[in-house]
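*Asks:* make a model of this:
(one chain, ligands or ions: 3)
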Amino acid sequence: MIKIGAHLSAAKGYMNMLNEMSAMGANTFQFFTRNPRGGEAKALNMEDVHTFMAALPERKVESILAHASYTINPCSDKPETRDFALRTMLDDVNRLSYTPNQFYNFHPGSHVGQGVDIGIFYICDLLNQVLTPDMKTHVLLETMSGKGSEVGSTFQELRQIIDGCRYGERLGVCLDTCHVYSAGYDIVNNLDGVLEEFDTVIGLQRLKFIHLNDSLTPFNSHKDRHAKIGEGSIGADALVRFVNHPKLKHLSFVLETPNEFEGYKKEIEFFRKNTN
Ligand code: FE
Ligand code: FE
Ligand code: ZN
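*Replies:* Ligands and ions are numbered 1, 2, ... in the order given. Predicted coordinates:
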């Protein structure tokens, strides 16, 4: 059975997300570790955390995905901005240690004109302070669309980040279908070729989660505009082929489409109907 879910609001805690997940027919979900627009995260409610962890097996949840706030920039040209990103991620990783063996995804950042190599240097510098050999959380790099000066829109750049970190072998990847299509990887007409390239450059064993989105903008447009499934340039057929691909179907899929509860529920039903 496909592992699929959606991005949920974390405002009311873990059990609330788990109940919402079940109500939409899902068996995984994603949430922001903190309000992406604000700074401080709410204190963890330990009773909520414990009830949640105990409920995961009976809800058939294999893994969930925490998403770092997208407003942090690990490779800014401003030291105070990079420091804020570091402190935020260290705090996230500490909070996530109470829900062990789960996944934590972040955007590598934007080099803001310094160039990709300097950007990657700063990203690795941050990760060298976040990754530890015994940490229980799996940290994932997200594939980006390449808008503006975003780092991580090619598989080669992600590989460079992995190679530049002391514990880089601990890093995984979260592939966003909207982002890669926008970045020029043709998952509609050449999915096998894209996966072959991913395997050669990064290694498919590092691929841990999928952000399942359609794209409002055309192939190779280097924009980041998510569309509902079937309402974008990728299309429902290609996304159904994607989730059924023998090299991908064991992964967990999270919808980040512009939907509320009912819309997500329909999209999840659609993929359940079109997978076995
Ligand atoms: Fe993201
Ligand atoms: Fe995404
Ligand atoms: Zn996006």
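
*Asks:* alpha carbons only for contacts and neighbour counts from here, please
*Replies:* Will do.

*Asks:* tell me which stretches of the stretch 1-150 of the chain form strands.
*Replies:* Along the stretch 1-150 of the chain, counting by DSSP state E, counting those that start in this stretch, strands occupy 3-8, 28-32, 65-67, 103-106, 138-142.

*Asks:* which one, of these, ends up nearest to Phe242?
*Replies:* The closest of those to Phe242 is strand 3-8. By Cα to Cα, the value is 13.0 Å.

*Asks:* just checking: what are the partner strands of that closest one?
*Replies:* strand 28-32 (parallel), strand 252-255 (parallel) (DSSP bridges).

*Asks:* tell me the SS of Val173?
*Replies:* strand (DSSP: H, G, I helix; E, B strand; the rest coil).

*Asks:* was I right to think it contacts Thr143?
*Replies:* Yes. The pair Val173 / Thr143 is scored as a contact, 7.3 Å apart, by Cα atoms under 8 Å.

*Asks:* could you list the low-confidence segments of the protein?
*Replies:* 38-39 (pLDDT under 70).

*Asks:* the longest helix in it is where?
*Replies:* helix 79-96 (DSSP state H).

*Asks:* look up the closest residue to Ser182, ignoring the ones flanking it.
*Replies:* Of all residues not flanking Ser182 in the chain, Asn220 sits nearest, at 4.5 Å (Cα to Cα, 6 or more residues apart in numbering).

*Asks:* for the strands of the stretch 1-150 of the chain, which one sits closest to Glu197?
*Replies:* Closest among the strands of the stretch 1-150 of the chain, using Cα to Cα: strand 138-142, at 16.5 Å.

*Asks:* how big is the angle separating the closest one from helix 79-96?
*Replies:* 140 degrees (axes from the mean of the first three to the mean of the last three Cα atoms, to 10 degrees).

*Asks:* returning to what we had before: just the strands paired with strand 3-8: most buried one?
*Replies:* Of all those, strand 252-255 carries the top mean neighbour count, a mean of 26, counting by mean count of other Cα atoms under 10 Å.
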